[in-house]
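Peer 1: Just to be clear, the model below is a prediction. Sequence and coordinates:
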Amino acid sequence: MSNNSISRYSPGAAATTVRWKIFIIMLLLGAINYIDRTSLAIAMPYIVEEFDIQDAVVVGLLHSTFFWAYALMQIPSGVLADRFKTRTIIAWATIIWGAFQAVAALCYSTFTLAIARVGLGVSEAPIMPSGAKLMGAWLTPTERGRGSMLLDGGAALGTALGAVILTWLIAFFGSWRMAFVVAGIGTIMAGLLAWWYIRTYPHEHPYINKAELDHITEHNPTSVESGKKFKLSDIKPYLKQRNVLALIGGWVCYSTVFYGLMTWLPLYFQKTYGFDIKSMGGAMAFIFLLCFIGQLTGGYIMDRWRNSGAKTNKVLHTMLAISAITAGVGIFLCANSSDPMLAVGLLAVAMFPLRWASVYWSIPSLLGAQKVAGTICGTMNFSSNLFAAIIPIFIGFIVQLTGNYYAAMMVFVLAAVGYLICSLMINFDKPVIVTEDQA
């Protein structure tokens, strides 16, 4: 044994923080995921002009291709996360989606661009179910609020950074195509970083010491490897349980709000308030950066409140209710504002607590279903992204029919109401019943 290993496993050695470094890497991957995902929305004004797209429905269809592929791969990706090493899945998925992001730069028609977006959706699909498995293996129950926010924090951070980075790259190169190539190469490099540092289970990591390993395993018996392999049909018994159905419904409604705004805000700002590319990028960055800050703040409050001894039902119901109500009211007021700066401010307020919904990723583990967390989270994400695929098309029809975005914004308000109702239906005092062959 090396001197370094002796030091790390010496009695009294301070605990390492490998688990948090892993989730910072997951935050980075999530951010890159959304930079690549958002790139189409940021570049859309240029693509519309270059490809001579006259119909808003075609724009909606282009946005939806990613979500159809991403949605249809969620349940298979969840099963993969329950069957294979999450480290391998995460690293390879990241490298492959980086390649598809770069390949999109070679597209010269809406059809080929749609195919590239399908490839992006398929390859990005395993990240979140695999991340949910990592969270169950590496984090104790009272750390999962922060873990959920880091795991899913890349959505808001990536959307904010994507607005800045993509607009800068497009301006610098004078081409959305070169911006896509640079983004793809950066993603591939992040995949190599994930392979180097992430491990599926704590005991596999070369840099963890005994103090941290004991902390994880003492509070989290699911941090050890299971020999159980799961099948696609294993999800069926869980679809009969109210908590799982409420979990899926709440995530669908939340995702309708977040992804609807993420895909349509650039054109909304341009068409409704006359924003140019720089103003649009600045507004998107401001709104989603505040959303990211709010997300981390929410995770900290949840964990601190639960550590004080408060009931999980009280903590999560209160936080999720604030999240849903603030989002719905903020979007409604924005839709009724004619002042562009006020509209940006109202959307920033609406988005600040919206991604407290990220705690949904930890709920299967909180409800005692860690062994099938990948499958349940995959089903949850499949359902939400199925709606995320439909929503851009639906919004495109509404905009084309009405000639404005008011009715579309009301759709997001109604989705926020659904998010509130479903969140309050989850009973955290009632564990998910795990079937005998999976226990």
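Peer 2: Looks like it came in fine. Residues are numbered from 1 along each chain as shown.
Peer 1: From here on, just use CA atoms for contacts and neighbour counts.
Peer 2: OK.
Peer 1: I'd say Ser423 and Leu247 touch.
Peer 2: Yes - taking contacts as C-alpha atoms under 8 Å, Ser423 lies within contact range of Leu247: 7.1 Å.
Peer 1: Comparing these two, which residue is more hemmed in?
Peer 2: More neighbours surround Ser423 than the other of Ser423 and Leu247, with 27 against 23 (other C-alpha atoms under 10 Å).
Peer 1: Is Ala15 in a helix, a strand, or coil?
Peer 2: Counting by DSSP: H, G, I helix; E, B strand; the rest coil, the backbone at Ala15 sits in coil.
Peer 1: Would you check how far apart it and Tyr197 are?
Peer 2: 18 Å (C-alpha to C-alpha, to the nearest Å).
Peer 1: so how far is the helix or strand harbouring Phe67 off the chain centroid?
Peer 2: Using DSSP states H and E, Phe67 falls within helix 56-72. Here helix 56-72 shows a centroid-to-chain-centroid distance of 17 Å under the convention C-alpha atoms, centre = their mean, to the nearest Å.
Peer 1: Remind me what that helix packs against, helices and strands.
Peer 2: If you count contacts as 3 or more C-alpha pairs under 8 Å, 6 or more residues apart in numbering; DSSP states H and E, helix 56-72 packs onto helix 18-50, helix 110-124, helix 373-402.
Peer 1: Dump the C-alpha coordinates for that helix into CSV.
Peer 2: The C-alpha atoms that make up helix 56-72 are tabulated as CSV, following Å, rounded to 0.1, in the frame of the first residue of the first chain:
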residue,chain,number,x,y,z
ALA,A,56,-44.0,28.7,-36.7
VAL,A,57,-45.3,25.1,-36.7
VAL,A,58,-42.1,24.0,-38.5
VAL,A,59,-40.0,25.7,-35.8
GLY,A,60,-42.0,23.8,-33.2
LEU,A,61,-41.4,20.5,-35.1
LEU,A,62,-37.7,21.2,-35.1
HIS,A,63,-37.7,21.8,-31.4
SER,A,64,-39.8,18.7,-30.7
THR,A,65,-37.5,16.2,-32.6
PHE,A,66,-35.0,16.3,-29.7
PHE,A,67,-37.7,15.7,-27.1
TRP,A,68,-39.4,12.8,-29.0
ALA,A,69,-36.1,10.9,-29.1
TYR,A,70,-35.1,11.9,-25.6
ALA,A,71,-38.6,10.9,-24.3
LEU,A,72,-38.7,7.5,-26.0
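Peer 1: taking the mean pLDDT, what do you get for it?
Peer 2: Mean pLDDT, helix 56-72: 80.
Peer 1: And for stretch 212-228?
Peer 2: 65.
Peer 1: show me what contacts Arg304?
Peer 2: Shown in contact with Arg304 (C-alpha atoms under 8 Å, 6 or more residues apart in numbering): no residues.
Peer 1: for the helices and strands packed on helix 56-72, which one ends up most surrounded?
Peer 2: Of the helices and strands packed on helix 56-72, the one with the most neighbours on average (mean count of other C-alpha atoms under 10 Å) is helix 373-402, at a mean of 24.
Peer 1: relative to helix 56-72, how tilted is that one?
Peer 2: 170 degrees (axes from the mean of the first three to the mean of the last three C-alpha atoms, to 10 degrees).
Peer 1: Just the angle for the helix or strand following helix 373-402 relative to helix 373-402, thanks.
Peer 2: Using DSSP H and E, the next helix or strand after helix 373-402 towards the C-terminus is helix 406-425. Here the directions of helix 406-425 and helix 373-402 differ by 150 degrees (the same axes, to 10 degrees).
Peer 1: i'd like the first residue to be 27 from this point on
Peer 2: All right, first residue 27 from here; so that's helix 432-451.
Peer 1: Chain neighbours aside, what residue packs nearest to Thr289?
Peer 2: Ala67 (5.6 Å; C-alpha to C-alpha, 6 or more residues apart in numbering).
Peer 1: repeat for Ala441
Peer 2: Cys279 (4.9 Å).
Peer 1: Where does the prediction get shaky in the stretch 177-326 of the chain?
Peer 2: By pLDDT under 70, the low-scoring segments of the stretch 177-326 of the chain are 245-264.
Peer 1: element containing Leu106?
Peer 2: Leu106 belongs to helix 100-109, assigned by DSSP H and E.
Peer 1: and the residue nearest to Asn339 when sequence neighbours are not counted, what does it touch?
Peer 2: What sits nearest to Asn339 in space, not counting adjacent residues and going by C-alpha to C-alpha, 6+ apart, is Phe454, at 5.4 Å. Taking C-alpha under 8 Å, 6+ apart, we find Phe454 in contact with 338-339, 392-393.
Peer 1: Could you pick out the buried ones from these?
Peer 2: Burial by neighbour count, 16 or more other C-alpha atoms under 10 Å: within those this picks out 338, 392-393.
Peer 1: Name the nearest of the residues you listed relative to Leu373.
Peer 2: Set against Leu373, the nearest of these by C-alpha to C-alpha is Thr338 (29.0 Å).
Peer 1: So what does the closest one look like in phi/psi?
Peer 2: Backbone geometry at Thr338, expressed as degrees, to the nearest 10, gives phi -60, psi -40.
Peer 1: was I right about Ala40 contacting Ala237?
Peer 2: Yes - taking C-alpha under 8 Å as the definition, Ala40 is a contact partner of Ala237 at 6.7 Å.
Peer 1: the more surrounded of the two?
Peer 2: Taking other C-alpha under 10 Å, Ala40 and Ala237 do not tie; Ala237 has more neighbours (18 against 13).
Peer 1: Quick check: nearest residue in space to that one, chain neighbours excluded?
Peer 2: Going by C-alpha to C-alpha, 6+ apart, Ala237 has Ala41 as its nearest residue, at 4.7 Å.
Peer 1: do Gln296 as well
Peer 2: Asp302 is the one closest to Gln296 (C-alpha to C-alpha, 6+ apart), at 6.5 Å.
Peer 1: how close does that neighbour sit to Ile68?
Peer 2: 12 Å.
Peer 1: same question, Ile234
Peer 2: On the measure of C-alpha to C-alpha, Ile234 and Ile68 end up 40 Å apart.
Peer 1: quick one: average confidence on whichever strand or helix holds Ala350?
Peer 2: Taking DSSP H and E as the definition, Ala350 sits inside helix 338-361. Mean pLDDT, computed over helix 338-361, is 94.
Peer 1: what residues does that helix touch?
Peer 2: Contacts of helix 338-361 (C-alpha under 8 Å, 6+ apart): 324, 328, 331-332, 368-370, 372-373, 375-377, 379-383, 432, 435-436, 438-440, 442-443, 445-446, 449-450, 453-455.
Peer 1: all strands for the stretch 127-276 of the chain, in order.
Peer 2: In the stretch 127-276 of the chain, no strands are defined using DSSP state E, counting those that start in this stretch.
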